[in-house]
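Asks: Show me how the following folds:
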Amino acid sequence: MRKLGKYIIFISTLFTRREKFKVYASQTLEECMKIGVDSIFIVVIVSSFIGAVTAVQTAFNLISPLIPKYVIGLLVRDMTMLELAPTVIGIVFAGKVGSNIAGELGTMRITEQIDALEVMGINSASYLVLPKIVAAMITYPLLVILAAFLSIMGGFLAGVFSGHLTETQYVFGLRADFNPFNVNFALIKSLVFAFLVSSISAFTGYFTVGGALEVGKSSTNAVTSSCIAILVADYLLAQLLL
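Replies: Residues are numbered from 1 along each chain as shown. Here you go, the predicted structure:
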């Protein structure tokens, strides 16, 4: 509870003694490149194979002749929208981006760069952390949209080329009983996960104490805490919104 209270106070300090909007705009754009663009490759690889594996394993378990083949496309679509794209990619996002944020801020803390900003009268938490959180909340939903598309395409390619179903059956499954709220639900989850990963990682790195060894520990703790927060938030959002 003590750490939770410290985290809440840390978040509140991001909105006090803010710099000019122009400063945040340039910082946020730079963070969007580091957080979003640099994560595209790993998202493409993971999401494509997730969709392909989901389609193949679903086809393998559909042993009843009474179940139509188009169910494969339906299951790939719903699993991608509801869970695979936002949550699994969120854990990958925490591993890549979260550790990077914690390591960067931890290094700045132990080399006294953050202390230098405070001496100059700059709110170091707002100046360093707020652009990262905003950039994550801008880019991560876009990564989730990309992941959902590639996962569905990966399922299509794996299902069709392995001979489990035809193109028409897969597309029919994608369109069958479609609930538009699933898209909104995935985007809501992506915004929440982006905030949790960026803020928790920044909090962990910002309060690093010690030397280079502690920076590595902070990165590890940031990833662990972010993954736990994602799973808890995933359950709570499912209970509240579905």
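Asks: In which helix or strand does the residue positioned nearest the centre of the chain reside?
Replies: Geometric centre of the chain, nearest residue: Gly90, 3.0 Å, by CA atoms, centre = their mean. In this structure, Gly90 sits in helix 89-93 according to DSSP states H and E.
Asks: For that helix, list the C-alpha coordinates in PDB.
Replies: Presented in PDB, the C-alpha positions along helix 89-93 are these (Å, rounded to 0.1, in the frame of the first residue of the first chain):
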ATOM      1  CA  ILE A  89       1.000  -7.700 -27.400                       C
ATOM      2  CA  GLY A  90       0.700  -5.700 -24.200                       C
ATOM      3  CA  ILE A  91       3.000  -8.200 -22.400                       C
ATOM      4  CA  VAL A  92       5.400  -8.000 -25.300                       C
ATOM      5  CA  PHE A  93       5.100  -4.200 -25.100                       C
END
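Asks: Report the contact partners of the residue nearest to the centre of the chain.
Replies: By CB atoms under 8 Å, 6 or more residues apart in numbering, Gly90 lies in contact with 140, 189-190, 193, 197, 230. Where you see a C-beta, it was placed from the backbone N, CA and C, and this is true even at glycine.
Asks: can you do 7 Å?
Replies: In this structure, Gly90 makes contact with 193, 197, 230, judged by CB atoms under 7 Å, 6 or more residues apart in numbering.
Asks: mind listing what's buried in the helix holding Gly90?
Replies: 89-93 (16 or more other CB atoms under 10 Å).
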